[in-house]
Structures are given as C-alpha cells and as structure tokens.
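Undergrad: mind looking at a prediction? Sequence and model below.
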Amino acid sequence: NAGVTQTPKFQVLKTGQSMTLQCAQDMNHEYMSWYRQDPGMGLRLIHYSVGAGITDQGEVPNGYNVSRSTTEDFPLRLLSAAPSQTSVYFCASSLTPAGETQYFGPGTRLLVL
Amino acid sequence: GDSVTQMEGPVTLSEEAFLTINCTYTATGYPSLFWYVQYPGEGLQLLLKATKADDKGSNKGFEATYRKETTSFHLEKGSVQVSDSAVYFCALRGSGGSNYKLTFGKGTLLTVNP
C-alpha cells in the first residue's frame, strides 16, 4: 500500500490564482480530511468527508472547496489564492469516521505571493 | 469547545535524558487522547493513544497515562535518543455523536543532542 499520497510537494502561487491540491489513499478508508499547519498554531481542520459524496466544513473552511467523488480521492481547491493561505497542508484518512488512527500524507508546502 | 494545551517548546535535551512533555485538555464526556510525532520533512504519525481513563498508551519507549481527574495526558520517555528529535503533538477526539475531528495542541519541538 502507498498509504496517503499528496501532490504536489511544493507550490508557489500568485495572489488570485487557483489550484488543486491532490490527495489519494489506497486503504479503502471512509474518512478523509484536510488540515493546515501554521507555526505556533498546530493543525487546524479545513474540510472533511465521511464517505464518497459527503463533505463538511471544519474549523477554517473559508477560501477552500472540496469534493469526494470516489472513496480514494479528496482534492482541495483554492479558488483565489491569498497570502494568508501560505501554509503546509496535510491530508489524512482513517478506516471509519470514528477510526482512532488517522494516517497522514507527507504534506504540500504552499507559498502564495 | 474542545481544546488541547501542551507545553511550549522548544525543548532541548542531551541523549539519555528523561523527557516529559505536558498536555492538558478540555472536553466534555470521555474523549480519546493521542500523541502524534512529526519527523523533519514528514507528515504526522500516531505515536500512542488511550481511549479511557487510567489507560496507559506506550510505543517506542514513550508512555502517557490518561488522567481524567487532572485532565492530562503527559508524554514521558526515560532515555531519549538523537533519533527522537521531532515535533510532538497532543490531540483529542471528542466522544459521542458525529464528533469525528481531531483537536490538536500547538506542538512541542524536541531536539536531542549527542
């Protein structure tokens, strides 16, 4: 198993540009989520999904969209990037929504100029 | 709402020293508690967990005991190694209903010198 994979590893955007961060898992996990990690802030939940076709907002959803058309994939879209979205983004998954162990991807480092 | 407070870093220790990283939480009911570790340039990995009061989680020489009376889940290791240098996150998941999300502390950077 590859586990949780994320692409790209690093991206530079200009303010106003859009992009999609990709996340995939091959463990048939129901639950997937996106976090952002900022210095001194820990990890904050952006959006999550409890299964294909079902998504919901987390703690800091503004400026981000998600969809879950398949069990495997959970892309995160930035519609109009802002410097405040400069961060490291982590995707995570677990077998069930209440699964105790979440598996994290390696992260995407995003810089918005 | 739920919250996690962990000791501010950075923490710098010499190899074979004793480690404690404090973690306290605020939550209703009976949350599950976790410690995650993030090595440089990598994502987070589950280090250990405890799901009910008085449970002790352990892994790789690290231990933490779920203390409901003091709402704490302190991480300890008797003898740290250089390879333990990483950022450590305390986290909780609330109990009941549709409360699936993990609430993280801000992280503690540990550096172990030879």
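TA: Done, it's in. Predicted model, so just to flag it, every value in this text is computed and none were measured.
Undergrad: for the closest residue to chain A within chain B, which non-adjacent residue is spatially closest?
TA: Relative to chain A, the nearest point of chain B is residue B:43 (3.6 Å; C-beta to the nearest C-beta). The way it works is simple: take the backbone N, C-alpha and C, and place the C-beta from them, glycine included. Counting by C-beta to C-beta, 6 or more residues apart in numbering or on different chains, residue B:43 lies nearest to residue A:104, which is 3.6 Å off, once chain neighbours are set aside.
Undergrad: could I get the contacting residues of the one you found?
TA: Neighbouring residues of residue A:104 by C-beta atoms under 8 Å, 6 or more residues apart in numbering or on different chains: A:4, A:90-92, B:36, B:43-45.
Undergrad: surely residue B:60 and residue B:47 touch.
TA: Yes - judged on C-beta atoms under 8 Å, residue B:60 makes contact with residue B:47 at a distance of 7.1 Å.
Undergrad: more crowded one of those two?
TA: Each of residue B:60 and residue B:47 has its neighbours counted (other C-beta atoms under 10 Å in any protein chain shown); residue B:47 has more, 21 against 12.
Undergrad: what's near enough to touch the more buried one?
TA: Contacts for residue B:47 were tallied using C-beta under 8 Å, 6+ apart; they are B:34-37, B:59-60, B:62, B:75, B:88.
Undergrad: got the CA positions of the helix or strand where it lies in PDB?
TA: Assigned by DSSP states H and E, residue B:47 belongs to strand B:44-50. C-alpha atoms of strand B:44-50 as PDB (Å, rounded to 0.1, in the frame of the first residue of the first chain):
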ATOM      1  CA  LEU B  44       2.400  13.200  11.300                       C
ATOM      2  CA  GLN B  45       2.500   9.600  12.700                       C
ATOM      3  CA  LEU B  46       0.500   8.200  15.500                       C
ATOM      4  CA  LEU B  47       2.900   7.600  18.500                       C
ATOM      5  CA  LEU B  48       0.400   6.300  21.100                       C
ATOM      6  CA  LYS B  49      -3.200   6.600  22.200                       C
ATOM      7  CA  ALA B  50      -5.500   6.000  25.200                       C
END
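Undergrad: spell out which residues of chain A are next to chain B.
TA: Residues of chain A found near chain B (C-beta under 8 Å from any C-beta of the partner chain) are A:4, A:31, A:33, A:40-45, A:48, A:50, A:58-59, A:90, A:92, A:97-98, A:100-102, A:104-107.
Undergrad: the residues you listed, buried ones only, as a PyMOL selection?
TA: PyMOL command restricting the residues of chain A next to chain B to the buried ones, with burial defined by 16 or more other C-beta atoms under 10 Å in any protein chain shown:
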select buried, chain A and resi 4+31+33+42+43+44+45+48+50+58+90+92+97+98+102+104+105+107
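Undergrad: quick one on the thing from earlier: what residues sit buried inside the strand holding residue B:47?
TA: For strand B:44-50, a neighbour-count test (16+ other C-beta under 10 Å) marks B:44, B:46-50 as buried.
Undergrad: okay, those in a markdown table with distance to residue A:70 and pLDDT next?
TA: Formatted as a markdown table, the buried residues of strand B:44-50 follow (distance: C-beta to C-beta, whole Å; pLDDT from 0 to 100):
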| residue | distance to residue A:70 | pLDDT |
| --- | --- | --- |
| B:44 | 24 | 91 |
| B:46 | 25 | 93 |
| B:47 | 31 | 96 |
| B:48 | 32 | 96 |
| B:49 | 29 | 94 |
| B:50 | 34 | 94 |
